[in-house]
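Peer 1: here's a sequence, model it:
(2 chains)
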Amino acid sequence: MAEIPEHILRRTAEARAKAEGRDVEEVLAELKGESPPEPRAEEPAAAETPPAPAETAGLPESILRRSAEARAKAEGRDVEEVLAEMKGEPAPAAAPPPAAPAPEPAPVAEAGAPVAAAAPAGEPSRDLQAESATYGVPVDLLRRAAVARARHDGIAAPAFTGEGAPAAAPAAATPGAAPAAAAPAAAPVIPEGVRTQRLLTVVKAGAIQQVKAEPHDKVNVWPHLLAIEFVALMACTALLVVFSAFVDAPLLEFANFNDQPNPSKAPWYFLGLQEMLSYFDPQVAGVTIPGLGLAGLAIIPYIDRNPSVRPSDRKLAIMIFSFFLFASAILTIYGSFFRGPGFNFTYPWIDGVFFDF
Amino acid sequence: MANGTGNGRPGLRDRLSDAADHVRQSQVWSSIFRPGSPFRAGYSDSPRNRSYVIMNNVLYHLHPVKVKRHGVRLSYTLCLGGLSFFLFILLTITGIFLMFYYRPTSPAAYIDIQALSTDVAFGQIVRNMHRWGAHAMVLTVFLHMARVFYHGAYKPPREFNWMVGVILLLLTLLLSFTGYLLPWDQLAIWAVTVGSNMAAYVPVFGDQVTFTLIGGVQITPDTLLRWYVLHVLFLPFIIVVFMAVHFWRVRKDGGISGPL
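Peer 2: Got it, this is the predicted structure:
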């Protein structure tokens, strides 16, 4: 038994174990005791033919033909010849139920338990070949899948292995005496427990960029925003038209450079500055303050490095900005309404308003 | 046909709607209104068409297809930036109207303004709208700036757009100020005199700045022409450039700033 493949040994052991009611591993160990298992299924298909006819009875024609084709291919013979041979010898015993397609474990197991395990065994092995050819799946993978399924089903395992492995039948039938297991087509057989996958690379979890789009609560601009904008524009226009219909823009007398009105005031948005002119030197009030003010305004984002936008986090910034905002507002209002002739202080409700828009 | 008239002939309403359908399905109409336009025949309210309304329209293209929901809230922006822009458009329209009736020369300017109130149809109301709209725009731009500050919307990545905004504020003030002189009345020349006198205090270059600004050592009819050109051409051109950058950056910087 020097070169009996592992899977054949195992199958043999399983069949024998079932027949004798013993444990599979035990039998296997016993078998192995006399033979070191090295798996290579490159065996000639010599002893294959005899068991074949046994299975043919009652099998569907298509399966028979597939078997014949596979066997013919393996043995280099004519398909029809093999087919005729298979059909020509009716096998009496232990034909599996006809409907069983190849990789169905249960019926085979029931039928062939003691002796005839041989019969179904040979057939499906060829069937795997055919399947492999049909689906492009390697035979060993098919076999492994079948074995796994069989194992999952539990009871079906022993007889089923024959189905899974390409070089099956004779070994099961005559455990000790059939060294040449005769795989019709030599498929590489992976022993149990040997991993066929290789480690290509290890990708750490953090190595892949996790792009997670934050869910934004968004709405379509049309119609939601445009509707609001449209209403705002209409309201703005309406307000302006109505206001313009009732309040005329001022137009005083023709320009006269010899008659300066008292007081002369700048446009309202400059009145804060004009107001400051009465406190400071023009150099300061007219140039330095507005210049610094504008520059300071422009560089606010580069001074305020606080990243938070929450008002509670930016009390100082809000305080400073509000201070200047209110200061300029107060100065503007003061200069507009509380300054009379000679730019002196007046109460607008006593001396009237010296202010034109 | 059930048209309510009971005489079996198509009524006026049916004929009108037939005609409207005809127009809307014509080649001319569908060439003007691109796919997705609500004016196009067969418009249906679908997410796809809502996107097309924005993407296929030159005006709405200012906007993205979608905005954050909080950005739509009126209480967040108060629409101040949009109103500033809209007031600018209103001022452009009314300003063009006024340009038809205005000559920037010494006595003629004042006479023309007077004629606007008396001779020109809608002259007075258009002039009023132009003046009040200008003041309103200064106000809305200013308030817009305050709003942006209080929302911290100038923070990264929007620092540069804040600077552009400050320039826009300055340009708005200059536009308003240059327009102030154009009526050529007592209010105009003396307000401008007071304002431009401050420019004389600019250190070192004070006199040169004033001379350049008013086209002489004091306000003259030359100043009128100069400020007229500044008001109707130069400054609007500059401000449009900066507005384009401003609006573009709003979108590039991720749309309107987040909620507080």
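Peer 1: helix or strand for residue 133, which one?
Peer 2: No chain in the question, so chain A it is. Using DSSP states H and E, A:Ala133 maps to helix A:118-135.
Peer 1: oops, chain B please
Peer 2: Per DSSP H and E: helix B:123-150 holds B:Gly133.
Peer 1: A:Gly335 now?
Peer 2: Here A:Gly335, judged by DSSP H and E, is contained in helix A:315-337.
Peer 1: and that helix, what's buried?
Peer 2: By neighbour count with 16 or more other Cβ atoms under 10 Å in any protein chain shown, helix A:315-337 contains the buried residues A:317-318, A:321, A:325, A:328, A:331-332, A:335-337. All C-beta spots, glycine's among them, are computed from the backbone N, C-alpha and C.
Peer 1: next, give me the two most distant ones among those.
Peer 2: Distance extremes for the buried residues of helix A:315-337: the farthest pair is A:Ala317 and A:Phe337 at 30.5 Å, using Cβ to Cβ.
Peer 1: if I look at the nearest residue to A:Asp140 once chain neighbours are set aside, how far off is B:Ile256?
Peer 2: Computed as Cβ to Cβ, 6 or more residues apart in numbering or on different chains, the closest residue to A:Asp140 that is not its neighbour in sequence is A:Ile190, at 5.2 Å. Counting by Cβ to Cβ, to the nearest Å, the gap from A:Ile190 to B:Ile256 is 63 Å.
Peer 1: more crowded one of these two?
Peer 2: Counted by other Cβ atoms under 10 Å in any protein chain shown, A:Ile190 and B:Ile256 do not tie: B:Ile256 has more neighbours, with 21 against 17.
Peer 1: what pLDDT does the residue in the stretch 1-150 of chain B positioned nearest to chain A get?
Peer 2: Nearest residue of the stretch 1-150 of chain B to chain A: B:Asn128, at 3.4 Å (Cβ to the nearest Cβ). At B:Asn128, the model reports a pLDDT of 96.
Peer 1: go on, A:Leu251?
Peer 2: So, for A:Leu251, pLDDT stands at 93.
Peer 1: residue ranges with poor pLDDT in the stretch 101-250 of chain B?
Peer 2: Applying pLDDT under 70 to the stretch 101-250 of chain B flags no residue at all.
Peer 1: chain A now?
Peer 2: For chain A, the ranges with pLDDT under 70 are A:1-3, A:34-58, A:89-127, A:155-188, A:205-212.
Peer 1: which stretches in it count as strands?
Peer 2: A:218-220 (DSSP state E).
Peer 1: and if you look at the stretch 1-150 of chain B?
Peer 2: With DSSP state E, counting those that start in this stretch, the ranges of strands along the stretch 1-150 of chain B come out as B:66-68.
Peer 1: ok, back up a step: centre of the chain to the helix holding B:Gly133, how far?
Peer 2: 10 Å (Cα atoms, centre = their mean, to the nearest Å).
Peer 1: whichever helix or strand comes after that helix vs chain A: in contact?
Peer 2: Counting by DSSP H and E, the next helix or strand C-terminal to helix B:123-150 is helix B:159-181. Yes - counting by Cβ under 8 Å from any Cβ of the partner chain, contacts between helix B:159-181 and chain A involve B:159, B:162-163, B:166-167, B:169-170, B:173, B:176-177, B:180.
Peer 1: nearest to chain A among those residues?
Peer 2: For the residues of helix B:159-181 next to chain A, the nearest to chain A is B:Glu159 (3.5 Å; Cβ to the nearest Cβ).
Peer 1: spit out the contact partners of the residue nearest to the closest one when sequence neighbours are not counted.
Peer 2: Leaving aside its sequence neighbours, B:Glu159 sits nearest to A:Pro301 (Cβ to Cβ, 6+ apart; 3.5 Å). Neighbour list for A:Pro301: B:154-156, B:158-159, B:162-163 [criterion: Cβ atoms under 8 Å, 6 or more residues apart in numbering or on different chains].
Peer 1: do B:Pro64 as well
Peer 2: So B:Pro64 contacts A:221, B:54, B:251, B:255 (Cβ under 8 Å, 6+ apart).
Peer 1: now the helices: where do they sit in the stretch 151-260 of chain B?
Peer 2: In the stretch 151-260 of chain B, the helices defined using DSSP state H, counting those that start in this stretch lie at B:159-181, B:186-199, B:206-214, B:221-229, B:235-252.
Peer 1: count of neighbours near A:Arg143?
Peer 2: With other Cβ under 10 Å as criterion, A:Arg143 counts 25.
Peer 1: go ahead and confirm it touches A:Val189.
Peer 2: Yes - between A:Arg143 and A:Val189 there is a contact under Cβ atoms under 8 Å: 7.3 Å.
Peer 1: kindly export stretch A:223-232 (C-alpha atoms) in PDB.
Peer 2: C-alpha atoms of stretch A:223-232 as PDB (Å, rounded to 0.1, in the frame of the first residue of the first chain):
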ATOM      1  CA  PRO A 223     -38.100  75.400  -4.800                       C
ATOM      2  CA  HIS A 224     -37.200  75.900  -1.200                       C
ATOM      3  CA  LEU A 225     -34.500  78.600  -1.300                       C
ATOM      4  CA  LEU A 226     -35.600  80.300  -4.500                       C
ATOM      5  CA  ALA A 227     -39.200  80.700  -3.200                       C
ATOM      6  CA  ILE A 228     -37.900  82.400  -0.100                       C
ATOM      7  CA  GLU A 229     -35.600  84.600  -2.100                       C
ATOM      8  CA  PHE A 230     -38.400  85.500  -4.500                       C
ATOM      9  CA  VAL A 231     -40.600  86.600  -1.600                       C
ATOM     10  CA  ALA A 232     -37.800  88.600  -0.100                       C
END
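Peer 1: burial check on the nearest residue to B:Asn161 once chain neighbours are set aside, number of neighbours?
Peer 2: Nearest residue to B:Asn161 in three dimensions, chain neighbours excluded: B:Arg249, at 4.2 Å (Cβ to Cβ, 6+ apart). For B:Arg249, the count of nearby residues is 16 (other Cβ under 10 Å).
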